[in-house]
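Colleague: Dropping a prediction and its sequence here:
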Amino acid sequence: MVGYALTGQAAGKATAAPAGTNSAAALKKVKEQAADHSTPFALTAEEPLSPRAPGDFAIAVLPDTQMYTAARNGGKPEMLVAQAEWILSNRASRNIVYVTTEGDISNDGNKFPAEWLRTTNALYRLENPVRTGLPDGLPWSAVVGNHDTRSGGTTLFNAFLGTNHFAGRSYYGGYYGANNDSHYDLFSAGGQDFIGLALTMGAGSNPDLMRWANGVLRANANRQAIVVTHSLLGPAAWPHPAPWTKEGLQIYSALTNNPNLFLMLCGHRHGEGRRHEVLGNGRSVDVVLSDYQGYTNGGNGFMRLMEFSPRNQTIRVKTYSPWTKQWTTNSDGCFSLAWAGRGGSPHAAH
């Protein structure tokens, strides 16, 4: 993979040129990369600097892992292991308090059990009390994507990541219906209380499920709500608002009446994108897409780190691959969101 250096901003998106060359071929490649939202560029081995304050904490986000668990398109199961191991190695120093997937954990659903064995070989590591220093391990959420339902629904998803697996863990709040396809977690950090609501693919088309989701958010109105579901947005270069998917608009419309909802995360569509929805009365919701399976080698292990700073009233979003040990510095993979937390007014987003 070739590294690129930032050269400027165009329409809110960083552009790049290969270091040490100005050839026509190189410039053509730059334009192609800028137009392809699934192609990483502006890579560096140095983590983008950001201020850290007492009370800061982080959430790790694992976009579609299907090419790793299926070992397709150059992806390897070891890439998912590398992500889990990096989270464990950095849990204490970065105060990582929660991990969520974004759907399409597997590529073939119920067709190949080996994909789920590779999943659990990596992600069950997060639950180790000795390695995490936490009685129930590191709180984490498994989210259903459309590929996880192939060839027979979510049978294998629930066999490996069902209610029986998570039951009894202090952070596990509950689930909808008879399985773990939609569920929620409760966690706290930095003096802030959160609910993480995981909704199955296309949840917005199920009125009963949406009534349950609304009831859960209302019952936890004292907690700031993060909704994670597989499909919300299509890719777009910031500052252009990413387009809603049909599934995303249904869920957003159904849940936006909850004042505690402030953040929504998704994968599914290859690339990056985000929306900042201003709702009035000082309310806003940020919606963020990250899906790297279109990258070289099925994603090359890129993941998201969301650093919450109650004191600075921001969420710093970074994109990193423990596999290649590279960070992205382009404005679609490295940015800040305004976040007031409880009891504050947010600064302007960057």
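Modeller: Happy to help now that I have it.
Colleague: Next, count neighbours for the closest residue to N312 other than its chain neighbours.
Modeller: In this structure, N312 finds its nearest non-sequential neighbour in A53, 5.7 Å apart by C-beta to C-beta, 6 or more residues apart in numbering. (Glycine included, C-beta is placed from N, CA and C.) Other residues near A53 number 11, with proximity taken as other C-beta atoms under 10 Å.
Colleague: For V97, see how far away A53 is.
Modeller: In this view, A53 and V97 are 16 Å apart by C-beta to C-beta, to the nearest Å.
Colleague: D291 too?
Modeller: As it turns out, when the distance is counted by C-beta to C-beta, D291 lies 23 Å from V97.
Colleague: Compare those two and say which is more crowded by neighbours.
Modeller: The residue with more neighbours, out of D291 and V97 and counting by other C-beta under 10 Å, is D291; that gives 29 against 21.
Colleague: Okay, now the unreliable bits of the stretch 151-300 of the chain?
Modeller: The stretch 151-300 of the chain contains no residues with pLDDT under 70.
Colleague: Do I have it right that A42 meets T328?
Modeller: Yes: judged on C-beta atoms under 8 Å, A42 makes contact with T328 at a distance of 5.9 Å.
Colleague: OK, contacts around A178?
Modeller: Contacts were defined as C-beta atoms under 8 Å, 6 or more residues apart in numbering; by that measure A178 touches no other residue.
Colleague: repeat for D181
Modeller: The neighbourhood of D181, defined by C-beta under 8 Å, 6+ apart, consists of V144, T154, F157, N158, Y175, T200.
Colleague: Now do the residue lying closest to it once chain neighbours are set aside against I226, distance only.
Modeller: Take D181 and drop its neighbours on the chain: the residue closest to it by C-beta to C-beta, 6+ apart is T200, 4.1 Å away. Distance of T200 to I226, given as C-beta to C-beta: 16 Å.
Colleague: What of G204?
Modeller: When G204 is compared with I226 (using C-beta to C-beta), they lie 17 Å apart.
Colleague: before we move on, what about T319?
Modeller: Spatial separation of T319 from I226 under the definition C-beta to C-beta is 18 Å.
Colleague: And T245, by the same measure?
Modeller: For T245, the distance to I226 equals 19 Å [C-beta to C-beta].
Colleague: higher neighbour count, those two?
Modeller: Neighbours per residue (other C-beta under 10 Å) separate T245 from I226, with I226 holding more: 24 against 20.
Colleague: Please name the bridge partners of the more buried one.
Modeller: Note on I226: beta-bridge partners G196, L263, judged by DSSP bridges.
Colleague: does it really touch A198, like I thought?
Modeller: No: I226 sits out of contact with A198 when judged by C-beta under 8 Å, with a separation of 9.5 Å.
Colleague: Please identify every residue contacting each of the two.
Modeller: Between them, I226 and A198 share the neighbouring residues T100, with contact defined by C-beta under 8 Å, 6+ apart.
Colleague: Leaving out chain neighbours, which residue sits closest to P243?
Modeller: Using C-beta to C-beta, 6+ apart and skipping residues adjacent in sequence, the residue nearest P243 is G234, 4.6 Å away.
Colleague: L265 versus that neighbour, what's the distance?
Modeller: Counting by C-beta to C-beta, the separation of G234 from L265 is 15 Å.
Colleague: More neighbours: which of those two?
Modeller: In terms of neighbours (other C-beta under 10 Å), L265 is the more surrounded of G234 and L265; the figures are 29 against 18.
Colleague: Pop out the phi and psi values for the nearest residue to that one once chain neighbours are set aside.
Modeller: Beyond its immediate neighbours in the sequence, the residue positioned closest to L265 (C-beta to C-beta, 6+ apart) is V228, lying 4.7 Å away. Geometry field for V228 lists phi and psi as phi -120, psi 130, criterion degrees, to the nearest 10.
Colleague: And A254, by the same measure?
Modeller: According to degrees, to the nearest 10, A254 has phi -80, psi -30.
Colleague: roughly how far apart are the closest residue to it other than its chain neighbours and L263?
Modeller: Taking C-beta to C-beta, 6+ apart as the measure, A254 lies nearest to M210, with 4.4 Å between them; neighbours along the chain are not counted. Plainly put, M210 is 18 Å away from L263 if you go by C-beta to C-beta.
Colleague: Also W212?
Modeller: Relative to L263, W212 is positioned 20 Å away (criterion: C-beta to C-beta).
Colleague: neighbour count winner among the two?
Modeller: Neighbours per residue (other C-beta under 10 Å) separate W212 from L263, with L263 holding more: 22 against 19.
Colleague: which residue is nearest the centroid of this protein?
Modeller: Centrality entry for the chain: nearest residue to the mean C-alpha point is V61, 3.6 Å, by C-alpha atoms, centre = their mean.
Colleague: any idea whether F187 is helix, strand or coil?
Modeller: For F187, the secondary structure call by DSSP: H, G, I helix; E, B strand; the rest coil comes out as strand.
Colleague: Show me what it is bridged to.
Modeller: For F187, the beta-bridge assignment (DSSP bridges) gives partners F194.
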